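Asks: Sequence and predicted structure, then a few things I'm wondering about:
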Amino acid sequence: MKAVWRWGALAAALALVLGVTSGLAQIKNPDTYIEAVIGDLETLDPAWHYDTSSATAIFNIYETLVFYDGEAIDKFVPMLAESWTVSPDGSTYTFKIRKGVKFHLGGDLTPEDVAYSFQRALLQDRSGGPIHMIIEHVLDVASIDELAKKVGDAQACQQVLNAIRVTGPDTVEIKLASPFGPFIQILAGSWTSIIDKEWAIGLGDWDGKCDNWRKWWDPKAEASKLFDKANGTGPYKLVKWDKGKELILERNDNYWGGLAKRPAILKNYIRKVVPEWGTRLAIFEAGDADSIDVPRPFVAAMEPLVKAGKARMHGPLPGNIMQSAFINFKVKEGSAYMPKLGGADKPDLLLDLNLRRALNYCFDTATYIKESWLGEAKPINGVIIEGRLGYNPEQKGYEFSLAKCEEELKAAWGGKLWSDGMRLILTFNQGNIARRFAAEMLERNLEDMNKKRPGRPIFSVDVLDLPWPTYLKAMDAGELAVFWVGWLEDYAHPHNWVHPYMFRTGSFAIGQNFSTLKDVEFKPVYATFLEAKKYPTLQDLFDDLVVKAKKEPDQRKGGRAEKIYFELNRLAVEYAINIQNIQLQVRRYEQIWVKGWFYNPAYPGTYVYWLSKG
């Protein structure tokens, strides 16, 4: 899941923004939990969203069949399902649906709502969204469009209805194309939230028929009928989403009880969008926010508050999140962020491997981690984090070397880039100071190369921040050349790393255009049981290995699957598809009166149901 922020930040130079005040012990708004955050959500449609801001709103409003058991990311408890069984071969899940649950607008939860929610999600299947996690295991294809092109629209829809169906007065069945151990983890994610079928159809959403589902397929965010509307079964219900400003939820007093068998304790939940750090800090100091996003550069401003007992810090905590800069091999024609070579538009500027290597050699990872993350991060060479099968501690990456950066720049585009100059736009989301630091450091190191190229057209590198929803739209459309973003693990398995980073429908890979690189030779280094062969494109190579690793029966440590994951890590580095990935530790800052918070790294944000103030 794309992460806008994760309780982050930088170094001590900004301590001057302090202003420790008294009176924080007085609880303001005792019935309301208020967060001041960097970025707004993108949508309220559970099947469309794939970012942490939207997910935080959605998993407070809606509910899933199963949920995480406390702090565990691999243990689950019933939510809207009272219970479930799995067939002996691991391919069929049967859920007994809870009775007596009502949606916020009064409808009763039924098995038909559950089946419809999944069916609608699979048929909507927006490009770059989360539903690939279900489609690839239920239908054994990468997307619903891929299946429809094979068997026709009507038959594709019928396969969806056959795979996810009501099987009794209180049961729903989900059949997988083949067993996948972590599938129950996928079902705990906010993208599988259950919606009211009659309500959705009444809004003009998919009507449940197979002859016209393309009308609702792959919509833009605003085109979804559920874009800014919500009707869940969860502990909070939507009052207002004032886009770019705040989201207001109120307690669902008719709640069925949830995991603690009670309604939420706090009456209201408000997420205020406050991109400016100084304003967020002032709101917190005044007691008008219960928690705030704290970029690492501003940790020094929080430390006196923590030491004085006027704020609480959780962490640093181990994270299942990675920060990365992604490189687009071919920017979409007409993009406002088009790279240039010698003054002319060059959509495929970054197709050149020498240039991609140069970006890595010019990036000072050690300084980035020290200054942007207070040392609370580690480099990851490849795309799989430490702690997951396939992480390779022996995989080499790119060291910081301005000399090697210069060498690669001179070789890029057969010397034309060095002689003719370039323009490159580095992008990140508004308010994210750590990503700004990374982009500006790379900008500085690249533009310093102009001193070694007197009299030639310059290297012009621009740094641009964009509002979170705008940023995500441009990213998904393939309009950005180099962009920083984080990935929060959806479920604890290496497939959830190689898929978004390398597979053709992956959340990031879909905007990087790996298929632009043709005639790619593959010679295995670790998985020597694989044949050496030429692939039509780099994307074909990545796709083949991702699928092979997922389907390989030998998933043990040191087994065949791990060796394929090692190959994927190696290829990610050798083809320089990213600029230095780093795995983060996380922090959370809150008022001392906040009670009940605990750390589950799978949560996209705050689950207010657990919280109280006092």
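Replies: Cool, the structure landed. Numbering: from 1, shown residues only.
Asks: ok, how many other residues are close to residue 457?
Replies: Residue crowding around residue 457 was assessed by other C-beta atoms under 10 Å; the count is 16. (Glycine included, C-beta is placed from N, CA and C.)
Asks: how close does the residue nearest to it when sequence neighbours are not counted get to residue 365?
Replies: Leaving aside its chain neighbours, residue 457 sits nearest to residue 421 (3.1 Å; criterion: C-beta to C-beta, 6 or more residues apart in numbering). Using C-beta to C-beta, to the nearest Å, residue 421 is found at 26 Å from residue 365.
Asks: the strands in the stretch 501-614 of the chain, which residues?
Replies: 518-522, 533-537, 578-590, 594-595, 612-613 (DSSP state E, counting those that start in this stretch).
Asks: and the second one, how far from the chain's centre?
Replies: How far strand 533-537 lies from its chain's middle: 30 Å, per C-alpha atoms, centre = their mean, to the nearest Å.
Asks: And stretch 369-389, by the same measure?
Replies: Relative to its parent chain, stretch 369-389 has a centroid offset of 16 Å by C-alpha atoms, centre = their mean.
Asks: list the buried ones in that stretch?
Replies: By 16 or more other C-beta atoms under 10 Å, the buried positions in stretch 369-389 come out as 369, 371-374, 376-377, 380-385, 388-389.
Asks: Which ones among these lie within strands?
Replies: 377, 380 (DSSP state E).
Asks: Test my guess that residue 191 contacts residue 131.
Replies: Yes: the pair residue 191 / residue 131 is scored as a contact, 6.5 Å apart, by C-beta atoms under 8 Å.
Asks: which residues are in contact with both of those two?
Replies: 47, 121 (C-beta atoms under 8 Å, 6 or more residues apart in numbering).
Asks: who's more crowded, residue 421 and residue 365?
Replies: Using other C-beta under 10 Å as the criterion, residue 421 and residue 365 rank with residue 365 on top: 21 against 18.
Asks: got the phi/psi numbers for residue 109?
Replies: Residue 109 has phi and psi values of phi -70, psi 130 when expressed as degrees, to the nearest 10.
Asks: Would you check which pair of the buried residues of stretch 369-389 lies furthest apart?
Replies: Largest separation among those by C-beta to C-beta: 371 and 389, giving 32.2 Å.
Asks: which SS state does residue 486 fall under?
Replies: The three-state label given to residue 486 by DSSP: H, G, I helix; E, B strand; the rest coil is strand.
Asks: I'd like the numbering to begin with 33 instead of 1 from here.
Replies: In the new numbering, first residue 33, that becomes residue 518.
Asks: From the buried residues of stretch 401-421, pick the one nearest residue 142.
Replies: Of all these, residue 420 has the smallest distance to residue 142: 37.9 Å, by C-beta to C-beta.
Asks: Could you check the pLDDT of residue 40?
Replies: For residue 40, the model assigns a pLDDT of 37.
Asks: nope, residue 34 is what I meant
Replies: In this model, residue 34 is scored at 76, pLDDT.
Asks: Quick check: closest non-adjacent residue to it.
Replies: Excluding its sequence neighbours, the residue lying closest to residue 34 (C-beta to C-beta, 6+ apart) is residue 83, at 4.5 Å.
Asks: again with residue 206
Replies: That would be residue 125: by C-beta to C-beta, 6+ apart, it lies 4.6 Å from residue 206.
Asks: residues near that neighbour, how many?
Replies: When neighbours are counted by other C-beta under 10 Å, residue 125 registers 21.
Asks: Need the outlier residue of this structure, farthest from its centre.
Replies: The centre of the chain is farthest from one residue, residue 487, which by C-alpha atoms, centre = their mean lies 43.6 Å away.
Asks: Tell me how far that one lies from residue 561.
Replies: According to C-beta to C-beta, residue 487 stands 54 Å off from residue 561.
Asks: follow-up on the earlier one: for the residue nearest to residue 34, list the residues it contacts.
Replies: Contacts of residue 83 (C-beta under 8 Å, 6+ apart): 33-36, 73-74, 500, 504.
Asks: the longest strand in the protein is where?
Replies: From DSSP E, the single longest strand across the chain is strand 344-359.
Asks: Partner strands of that one, with direction?
Replies: strand 514-520 (antiparallel), strand 610-622 (antiparallel) (DSSP bridges).
Asks: okay, those strands, which one's buried deepest?
Replies: Highest mean neighbour count of the strands paired with strand 344-359: strand 514-520, a mean of 24 (counted as mean count of other C-beta atoms under 10 Å).
Asks: That strand: how far from the chain's middle?
Replies: With C-alpha atoms, centre = their mean, you get 8 Å for strand 514-520.
Asks: The closest residue to residue 500 other than its chain neighbours - how many residues pack around it?
Replies: Closest residue to residue 500 apart from its sequence neighbours, by C-beta to C-beta, 6+ apart: residue 71 at 3.3 Å. As a burial measure, residue 71 scores 24 neighbours (other C-beta under 10 Å).
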